[in-house]
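> 3D model of this:
(chains A, B, C, D, E and F)
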Number of protein chains: 4
Amino acid sequence: MTSRKNEKYEAILEGALQVFAEHGFHRSQVSKIARAAGVADGTIYLYFKRKEDILIELFRSKLGELIEKFTSGIENVTDAREALRRVCTIHYSELEANVALAYVTQIELRQSDLELRKEIGEAVKPYIKLIEDLLLKGIEQNVFRADLDVKLTRLLLFGAMDEVVTSWLISGRKYSLSAQVDSTLKFFLQGIGN
Amino acid sequence: MTSRKNEKYEAILEGALQVFAEHGFHRSQVSKIARAAGVADGTIYLYFKRKEDILIELFRSKLGELIEKFTSGIENVTDAREALRRVCTIHYSELEANVALAYVTQIELRQSDLELRKEIGEAVKPYIKLIEDLLLKGIEQNVFRADLDVKLTRLLLFGAMDEVVTSWLISGRKYSLSAQVDSTLKFFLQGIGN
Amino acid sequence: MTSRKNEKYEAILEGALQVFAEHGFHRSQVSKIARAAGVADGTIYLYFKRKEDILIELFRSKLGELIEKFTSGIENVTDAREALRRVCTIHYSELEANVALAYVTQIELRQSDLELRKEIGEAVKPYIKLIEDLLLKGIEQNVFRADLDVKLTRLLLFGAMDEVVTSWLISGRKYSLSAQVDSTLKFFLQGIGN
Amino acid sequence: MTSRKNEKYEAILEGALQVFAEHGFHRSQVSKIARAAGVADGTIYLYFKRKEDILIELFRSKLGELIEKFTSGIENVTDAREALRRVCTIHYSELEANVALAYVTQIELRQSDLELRKEIGEAVKPYIKLIEDLLLKGIEQNVFRADLDVKLTRLLLFGAMDEVVTSWLISGRKYSLSAQVDSTLKFFLQGIGN
DNA sequence: TATGAATGAGCATTCATTCAT
DNA sequence: CATGAATGAATGCTCATTCAT
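Below is the predicted model of the structure:
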């Protein structure tokens, strides 16, 4: 029973991911998503109240998966600098390995209403907290500057990585994204280091 | 005659800026823009072929003005580090002083189609070149690392500043944006410095 | 077995009566009726072919009960004028006592298609015949005019009572409906009397 | 200018009258009305905010015309009984002569939401007042009973005529409606007379 | 019999764009 | 050049009905 329910639910999310990535949210008709998911139009409304909710749930679930990877990727890492390396590596390699997800997070996420973005923003909070905790830990470990504005620095780090990913996507993915980790990190570690 | 043509043209661009900033691109009907500009709906199509073209032209013109400010702001500055400070200062203070423009560049720009974004990307190229030139100059001056990947670094710098501005906007502009210049620059200069 | 069948059948009719009365026919989804009846959506289609059939059957059954009351209410009454008084009294008091039924007959009955109304009209025929018989009897008894057009008069009497009930409903039932019997009857008896 | 605006407006109302009469309100798609009116779908929304408003305006305008006929039909009639004859004559003959209007008032009017009916009810008020004034005048003239409940009597008269018209329509208009005036009036005048 | 998940046809409304004046 | 009335394509969502279990 539950597995069946999950089957359709997951199929719709997966179909939506593909369709959103290919056409963008505003050009993704519900019927197109339904076809991609192999269900009827009406079925979508058994699982989602509005079309927008598909996008929101998609982010919640996909970002949730990503955040788990970040969390488990650094959980036994004691050195804050090494932890930051892991975060950047995961950030680049996961999006490089999952282009549809990359398109949706980098392009579609930004195409949504301000109101919608706020809702989605909630889903990103754990990632934000993870980075801020990492920064605080580094300051305690005396490997990051004590005068760091943690919130501002989190924005600088996230924004920098985000732009690298978006640019890679828009350029048509003509080069390796994960190959940018070393240079990115050198910039980061020098920038925030003691 | 030409001045008259320009009058309407400029009125439409200015009206569009206000309407886009208040309602977002997708909620900005052509008739709303026309009313804000004080012209008839049909008049807009004497100056712009499609609604999207208004957005494109708006960016071209507004970014053009911004880039002039960047250019003139650093033209007599010989020290690359000081030039970078000026760039960051102008970036933050100009957008802080012109909230409508900030909304449109940070929020609406992202809400457009991938295709549209590519066109708009063209308008940003001069800013990109300006930053890259600045980086090259700093490397020559031996104040920036010689091993910098100039293109990647440009993304990191731009992305970092961009995220700071967006976050400031979404937060409701509850703090001073230009007050973030010093911390941002310390991060930048350490990150790219020798 | 038959009793069980009847249990569900009756439950659906009763649920439909409540739902129709509260929301009107067009706003009464099958699933809402099913919930009110305590059965599954699909179960309804074991007893009724189409949603409209519920309404038809509802009228047949409820009007059947009403007509029984009319019939038994006048069966031992010899005076045609007294019989008419009984009919009017039952008409007003029964609908006053059963507001849900009143709503459905006065409001929802009229909201249905012409085709549907014809079918429902069949269910009213016994009432019609009862009034016509009563009129004929009164003519024989020389208490009603001999020149009465029986069919037209039946419409006049029924229409007059019907409007009084509808108006009482729409006004929000702020006064007593059965208190209108005397005035109504004086009008009727003078109108058709010798 | 005004004449042109009115042209389309009137065309839509007339188209709606025909379509409503033929298919009923709920089966009358906006596109069908547009086609009947010879305009594009979107044009309807330049003149009416919602589909329901077409129905409301239709009643307002058509009932307004009817009421004018009632008013002018009795304005120089001093005898209240003669005035009542005129009212009944106009009621039957106008609806007989305008079948589409009859369908819409007798059938579609009843098919609308309770909320909508209340709005439409406003448009009938002048007719109601006209009948009540007529009754009061008759009482003064001593040709109608002094003990008449004016409001109730108005319902009885209107309901009676209304049912005669509806029945005539549902029966397929197989007989003359205006031929029922004499019998109807004899019933009325006896019923309310001294 | 009974269920309720799944279906998919059907429709009001918006709005970018055109064109007669 | 300027107008703004008219156009009509495009789409999210509802809900009566079916059918596998």
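> Give me the neighbour count for A:D182.
13 (other CB atoms under 10 Å in any protein chain shown). Placement of C-beta: from N, CA and C, glycine included.
> do the same with A:A37
Residues lying near A:A37 (other CB under 10 Å) number 24.
> my read: it touches A:A16, true?
Yes - counting by CB atoms under 8 Å, A:A37 does reach A:A16; the two are 7.3 Å apart.
> For chain C, what's the nearest residue on chain A?
The nearest approach of chain A to chain C comes at A:L46, 12.1 Å away (CB to the nearest CB).
> mind checking which helix or strand the nearest residue to that residue once chain neighbours are set aside is in?
In space, and not counting its chain neighbours, A:L46 is closest to A:K8: 7.8 Å by CB to CB, 6 or more residues apart in numbering or on different chains. Here A:K8 is covered by helix A:2-23, with elements defined by DSSP states H and E.
> For that helix, buried residues please.
Judged by neighbour count (16 or more other CB atoms under 10 Å in any protein chain shown), helix A:2-23 contains these buried residues: A:8-9, A:11-13, A:15-21, A:23.
> Check whether that helix comes near DNA strand F.
No - on the criterion CB under 7 Å from any atom of the strand, helix A:2-23 is out of touch with DNA strand F, staying 9.5 Å away.
> Could you tell me the angle between the following helix or strand past that helix and helix A:2-23?
Toward the C-terminal end, the helix or strand that comes next after helix A:2-23 (DSSP H and E) is helix A:30-37. Taking axes from the mean of the first three to the mean of the last three CA atoms, to 10 degrees, one finds helix A:30-37 and helix A:2-23 inclined to each other by 120 degrees.
> packing partners for the next helix or strand after helix A:30-37?
Remark: after helix A:30-37, the chain's next helix or strand is helix A:41-47, criterion DSSP H and E. The elements that helix A:41-47 packs onto, with contact taken as 3 or more CB pairs under 8 Å, 6 or more residues apart in numbering or on different chains; DSSP states H and E, are helix A:2-23, helix A:30-37.
> Pull the last one out as CSV, backbone CA atoms only.
Below are the C-alpha coordinates for helix A:30-37, written out as CSV (Å, rounded to 0.1, in the frame of the first residue of the first chain):
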residue,chain,number,x,y,z
VAL,A,30,1.0,19.7,-15.8
SER,A,31,0.0,17.4,-18.6
LYS,A,32,3.6,17.2,-19.7
ILE,A,33,4.7,16.3,-16.2
ALA,A,34,1.9,13.7,-16.0
ARG,A,35,3.0,12.1,-19.3
ALA,A,36,6.6,12.0,-18.1
ALA,A,37,5.5,10.4,-14.9
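> Now it: average pLDDT?
Helix A:30-37 carries an average pLDDT of 96.
> buried residues in that helix?
Buried residues in helix A:30-37, defined by neighbour count with 16+ other CB under 10 Å: A:30, A:32-34, A:36-37.
> now the residues you listed in a markdown table, with distance to D:L58?
Formatted as a markdown table, the buried residues of helix A:30-37 follow (distance: CB to CB, whole Å):
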| residue | distance to D:L58 |
| --- | --- |
| A:V30 | 34 |
| A:K32 | 39 |
| A:I33 | 40 |
| A:A34 | 38 |
| A:A36 | 44 |
| A:A37 | 44 |
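> Nearest to C:E94 among the residues you listed?
Among the buried residues of helix A:30-37, A:V30 lies closest to C:E94 (CB to CB), at 49.1 Å.
> which of the buried residues of helix A:2-23 lies closest to D:S171?
A:K8 (52.4 Å).
> Give me the next element, helix or strand, following the lowest-mean-pLDDT helix or strand in chain A.
Ranked by mean pLDDT, DSSP states H and E, the weakest helix or strand in chain A is helix A:109-111, scoring a mean of 69. Moving toward the C-terminus from helix A:109-111, the next helix or strand (DSSP H and E) is helix A:114-140.
> tell me what that following helix is packed against?
Using 3+ CB pairs under 8 Å, 6+ apart, the elements in contact with helix A:114-140 are helix A:51-74, helix A:80-97, helix A:109-111, helix A:150-170, helix B:150-170.
> go again using 7 Å as the cut-off
Secondary-structure packing of helix A:114-140 (3 or more CB pairs under 7 Å, 6 or more residues apart in numbering or on different chains; DSSP states H and E): helix A:51-74, helix A:80-97, helix A:150-170.
> burial count for A:Y175?
A:Y175: 10 surrounding residues under other CB under 10 Å.
> Which residue is the nearest non-sequential neighbour of it?
What sits nearest to A:Y175 in space, not counting adjacent residues and going by CB to CB, 6+ apart, is A:W168, at 7.0 Å.
> if we can go back for a sec, packed most tightly, which of the helices and strands packed on helix A:114-140 would that be?
helix A:150-170 (a mean of 21; mean count of other CB atoms under 10 Å in any protein chain shown).
> and that helix with helix A:80-97, angle?
30 degrees.
> Name the next helix or strand downstream of helix A:150-170, please.
Following helix A:150-170 in sequence order, the next helix or strand is helix A:181-192 (DSSP H and E).
> In which helix or strand does A:L148 reside?
For A:L148, there is no enclosing helix or strand under DSSP H and E.
> What backbone torsions are found at it?
A:L148 has phi and psi values of phi -60, psi 130 when expressed as degrees, to the nearest 10.
> Assess the claim that it and A:G138 are in contact.
No - judged on CB atoms under 7 Å, A:L148 makes no contact with A:G138 at a distance of 8.4 Å.
> more neighbours, the two?
A:G138 (23 against 20).
> Can you add pLDDT and give the buried residues of helix A:2-23 back as a markdown table?
Below are the buried residues of helix A:2-23 laid out as a markdown table (pLDDT from 0 to 100):
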| residue | pLDDT |
| --- | --- |
| A:K8 | 95 |
| A:Y9 | 96 |
| A:A11 | 96 |
| A:I12 | 97 |
| A:L13 | 96 |
| A:G15 | 96 |
| A:A16 | 95 |
| A:L17 | 94 |
| A:Q18 | 93 |
| A:V19 | 93 |
| A:F20 | 90 |
| A:A21 | 87 |
| A:H23 | 86 |
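> out of these, which touch DNA strand E?
Subset of the buried residues of helix A:2-23 in contact with DNA strand E: A:K8, counting by CB under 7 Å from any atom of the strand.
> just the buried residues of helix A:2-23 now: which is nearest C:L185?
Each of those was scored against C:L185 by CB to CB, and A:K8 proved nearest at 64.0 Å.
> Report the contact partners of that closest one.
A:39, A:43, A:47 (CB atoms under 7 Å, 6 or more residues apart in numbering or on different chains).
> domains in chain A, as residue ranges please.
Following automatic domain parsing, chain A resolves into domains at A:1-48, A:53-192.
> how far away is the residue nearest in space to the middle of chain A from DNA strand F?
Most central in chain A under CA atoms, centre = their mean is A:L63, positioned 5.1 Å from the mean C-alpha point. According to CB to the nearest atom of the strand, to the nearest Å, A:L63 and DNA strand F sit 22 Å apart.
> Below-threshold pLDDT in chain A: ranges please.
The model of chain A has pLDDT under 70 over residues A:1-5, A:111-115.
> which residues are there in it that come within reach of DNA strand E?
Chain A comes close to DNA strand E at residues A:4-5, A:8, A:39-43, A:45-46, as judged by CB under 7 Å from any atom of the strand.
> Try it again at 10 Å.
Within chain A, the positions adjacent to DNA strand E are A:1, A:4-9, A:11-12, A:30-31, A:34-35, A:37-47 by CB under 10 Å from any atom of the strand.
> ok, and the closest non-adjacent residue to A:L177?
Leaving aside its sequence neighbours, A:L177 sits nearest to A:E96 (CB to CB, 6+ apart; 4.1 Å).
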